[in-house]
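A.B. asks: with the input below, show me the fold.
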Amino acid sequence: MDAPSLFGDRGGNSEKGTRPQAPLAARMRPRTLDEYVGQHHLVGEGRVLRRAIESDDVPSMILWGPPGTGKTTLAEIVAGATGAHFVALSAVSAGVADLRRVVADAQRLRAAERRTVLFIDEIHRFNKAQQDAVLPYVEDGTVTLIGATTENPSFEVNSALLSRARVFVLKPLTDEEIATIVDRAMADDERGLGAAGLTLAGDARGVVVNLANGDARVALSGLELAARGAQSERRTSIELADIREALQRRTAAYDKGGEAHYDVISAFIKSLRGSDPDAALYWLARMLEGGEDPLFIVRRMVILAAEDVGLADPRALSMAVACQQAVHFVGLPEGYLPMAECALYLAAAPKSNSVIASYGRALADVEGTRNDPVPLHLRNAATSLMRSLQYGKGYIYAHDAYAEMAQTGQSAPPSRRLQAYLPENLEGRRYYEPGVQGEEARLSEWIAARRRVE
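C.D. replies: Residues are numbered from 1 along each chain as shown. Below is the predicted model:
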């Protein structure tokens, strides 16, 4: 007995997918590669995936891309073109028992020299145990796996399974490609809206394309809803108002639990580091509108204040910490105000990475000297025994040197007051290299003067 199938034994456009009352997006699903729109880099003439499909030599693969870019459609096209037994599962509802039934059938068919292609929609929703259950049978060729996911497979698919599958990246559809899909739906008498005699008025077509934001399913679903609105009022023209009511707003590609979470925060931090306040505000707004946790964003700003602004403007860290407290106190929606203020401050602040660079140089020496003894003059002489062992002997109280500087007007402690603070075999090491921007430039002069008299 086959496991539950989305498309039937051979996939393709099933009866359910082509019946008149099915959603427009399902009815207009391409049935062949020639009808397929977009992803030319994968299925254009002579491209690797097209050759594999046309030659019925499909490898195990992961189709990774945003919603509405054609992942499931490609699986259905494979189902229609391949001579293999095709079974489709949804990771939302299928479990290990379903996988085992598919494998059992595949093993019987393999004995009869017939391949099995297993399509798993939303494969990122399979847990490790479920992915492990199918791994041996992908590895030995019992099944050819096609997984579809909107999430970065590097994070969501087991590395062992990922190493046995080709990853094909699907791109968001361009405005021109979405427009082609919309035009087909309006003109198609059999599966689309052509038989209804509807037209798109004025700027309605352009607004559908824009609000879809590269998602064909959103475009067709919005178009269908707008068409119903026009028909309910016995109009043959779909107006701009119908489209705006149906789609409301441009679909967001941001997913706070997926790859966009990492990509957008990366763009935000790099904008701050690059001193671009306009870009910083844009990426901040995009994260907040996408539902990102504001404290996650503030945490990254606190890190940036120390890592990328540092001593060029020491107030930046205080600003970032105050932002964290303000956001925690007031929450959203008003929390965007201190966040925007902090982002603008960090973007405009002078930059220095001397803190992280200096710490890295010190850390490199620690790795080889972690067992070196602390110099005797720097040790704490807390007991008479410690004093008898010369702990603390020769230590010079630094404030005496600073007082002498004030009396003599010197810019650095006199040489007789200086002493070594590093282990003996690291004496003279230089870890801190001051930056040249903001307040660190003044600090640089003090450090340089001190080092000159050593």
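A.B. asks: distance check, the residue nearest to Asp188 when sequence neighbours are not counted against Leu200.
C.D. replies: Nearest-residue entry for Asp188: Gly194, 5.1 Å, with adjacent residues in sequence omitted and distances by Cβ to Cβ, 6 or more residues apart in numbering. In this view, the C-beta of every residue, glycine as well, is placed from N, C-alpha and C. Computed with Cβ to Cβ, to the nearest Å, the distance linking Gly194 and Leu200 is 12 Å.
A.B. asks: just Glu190 next, same as before
C.D. replies: Going from Glu190 to Leu200 by Cβ to Cβ gives 19 Å.
A.B. asks: again, but for Asp372
C.D. replies: Taking Cβ to Cβ as the measure, Asp372 falls 77 Å from Leu200.
A.B. asks: okay, those two: which has more neighbours?
C.D. replies: Higher neighbour count among Asp372 and Leu200: Leu200, with 24 against 14, using other Cβ atoms under 10 Å.
A.B. asks: and the more buried one, what does it touch?
C.D. replies: Val182, Met186, Val208, Ser237, Ile238 (Cβ atoms under 8 Å, 6 or more residues apart in numbering).
A.B. asks: do Arg184 as well
C.D. replies: Shown in contact with Arg184 (Cβ under 8 Å, 6+ apart): Met28, Gly192.
A.B. asks: swap in 10 Å and give it another go.
C.D. replies: By Cβ atoms under 10 Å, 6 or more residues apart in numbering, the contact set of Arg184 is Met28, Pro30, Glu35, Val37, Arg191, Gly192, Leu193, Gly194, Leu220.
A.B. asks: of the residues you listed - the most surrounded one?
C.D. replies: Leu220 (27 neighbours).
A.B. asks: any stretches of this protein with poor pLDDT?
C.D. replies: Counting by pLDDT under 70, the chain shows low-confidence ranges at 1-20, 249-260, 405-406, 408-418, 452-454.
A.B. asks: that one: strands as residue ranges?
C.D. replies: Per DSSP state E, the chain carries strands over the ranges 61-64, 85-90, 116-121, 144-149, 166-169, 199-200, 237-238.
A.B. asks: other SSEs contacting the third one?
C.D. replies: Read that as strand 116-121. Contacts defined by 3 or more Cβ pairs under 10 Å, 6 or more residues apart in numbering; DSSP states H and E place strand 116-121 against strand 61-64, helix 71-81, strand 85-90, helix 96-111, helix 128-139, strand 144-149.
A.B. asks: thinking again about what came up before, which residues do Gly194 and Leu200 both contact?
C.D. replies: Met186.
A.B. asks: now Arg451: how far from Val309?
C.D. replies: Applying Cβ to Cβ, the value for Arg451 to Val309 is 24 Å.
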